[in-house]
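Q: Sequence first, then the predicted structure:
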Amino acid sequence: MLLPEFTSMPVQGRAGVLHTRRAGQGPALLLLHGHPQSHVMWHLVAPALAQHFTVVLMDLRGYGDSARPQDDGSHAVYSKRAMAQDALDVMQHHGFTRFGVLAHDRGARVAHRLALDHLDAVQRMLLLDIAPTLAMYENTSEAFARAYWHWFFLIQPSPLPEALIESDPVRYVRSVMGSRHAGLQVFAAEALAEYGRCAAIAGTAAGICGDYRASASIDLEHDRADRAAGRQVGAPLRVLWAEHGAVGRCFDVLSLWRACAPNVSGQSLPCGHYLAEEQPDLVLREALDFF
């Protein structure tokens, strides 16, 4: 079992039960995972962080062992606003009103919305391998579309993407993750098995598609409203991106984040998209220095 020192603590969320795990003592630190993974992606980083912080891991709605609410035409149920509210509810359930956030990929998009909607909750935020969602869509190139093909596949109308994923969910996970810079060899066998197990849970494909459909619709509406109103991330923000990843190749990551937050720093790490599993020691060092 990965992360044996972390205690499972289910939390009743607004759209169902959210799977969370907790360990450590000290200042609160929330860790949010990406697609197509679960909280297990932190297994090489979280135990060391728990020596310094109270670390809370959670599975986003639609992923891992958390609830998979049914999507609707507005995709509000999978909006980053709704998922950010989940994260806030989880931390309040664990007794924290202010906390740091370390997040990767989809979880980093949730964290971005959390920092915008709940300014007093997020003390500091470290995001891994994303640029702001609105900026990425507005600056999409052929190179990005080829590398992030799943962004455009998953937003297609139901039920085609869901049916294709459900036909072999383990193959979907391994294909998405294995097509990146480092292939599958960087992932622990137990972690890969866990990602596959969760992908095969009924409703996962619909949850994943709901997440991405929201990012291409209602989330952009929320982002545009923030930009028009001049709302920015107030918390100190550090961003790390993959030297061998599409985000760093296709976008000026620091410049795009500096348009969204006044206090931004960051750099690339020598790895591909899955920073916490490819370069856990570097991610841990960055997290300890920043938080």
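A: Cool, got the structure.
Q: so how far is residue 152 from the one residue sitting closest to the centre of the chain?
A: In the chain, the centroid-proximal residue (C-alpha atoms, centre = their mean) is residue 107; its distance is 1.6 Å. According to C-beta to C-beta, to the nearest Å, residue 107 stands 21 Å off from residue 152. From N, CA and C alone the C-beta is placed, and that goes for glycine too.
Q: Ok, residue 242 next?
A: Taking C-beta to C-beta, one finds residue 242 at 20 Å from residue 152.
Q: okay, the two: which has more neighbours?
A: Each of residue 242 and residue 152 has its neighbours counted (other C-beta atoms under 10 Å); residue 242 has more, 24 against 12.
Q: Enumerate every residue touching the more buried one.
A: Neighbouring residues of residue 242 by C-beta atoms under 8 Å, 6 or more residues apart in numbering: 129, 181, 248, 268-269, 271-273, 275, 278.
Q: ok, now residue 188?
A: Residues in contact with residue 188 (C-beta under 8 Å, 6+ apart) are 2, 43-44, 277.
Q: The same query, at a cut-off of 10 Å, please.
A: Residues in contact with residue 188 (C-beta atoms under 10 Å, 6 or more residues apart in numbering) are 2, 40, 43-44, 194, 277.
Q: cool, residue 53 as well?
A: 23-31, 46, 99-100, 102, 287-288, 291 are the contacts of residue 53 under C-beta under 10 Å, 6+ apart.
Q: before we move on, the earlier item: how about the contacts of residue 188, which pair is most distant?
A: Greatest spatial distance among the contacts of residue 188 (C-beta to C-beta): 44 and 194, at 13.5 Å.
Q: who touches both of the two?
A: Joint contacts of residue 44 and residue 194 (C-beta under 10 Å, 6+ apart) are 2, 188.
Q: per-residue pLDDT, the residue nearest to the centre of the chain?
A: In this prediction, residue 107 carries a pLDDT score of 98.
Q: Going forward, count from 29.
A: Renumbered: residue one is now 29, and that last one reads residue 135.
Q: Quick check: which element contains it?
A: Using DSSP states H and E, residue 135 sits within helix 133-145.
Q: packing partners for that helix?
A: Applying 3 or more C-beta pairs under 10 Å, 6 or more residues apart in numbering; DSSP states H and E, we find helix 133-145 packed against strand 56-60, helix 108-121, strand 127-132, strand 150-156, helix 161-166, helix 232-243, helix 246-257, strand 265-270.
Q: picking up where we left off before, any idea how far the residue nearest to the centre of the chain lies from residue 156?
A: Here residue 135 is placed at a distance of 9 Å from residue 156 (C-beta to C-beta).
Q: got it, and residue 249?
A: 25 Å.
Q: likewise residue 171?
A: To residue 156, residue 171 is 21 Å away according to C-beta to C-beta.
Q: out of these two, which sits in the more crowded spot?
A: Taking neighbours as other C-beta under 10 Å, residue 171 and residue 156 compare with residue 156 leading, 29 against 11.
Q: what's near enough to touch the more buried one?
A: By C-beta under 10 Å, 6+ apart, residue 156 lies in contact with 60, 62, 69, 130-133, 135-136, 139, 266-270, 273, 275, 297, 301-304, 311, 314-315.
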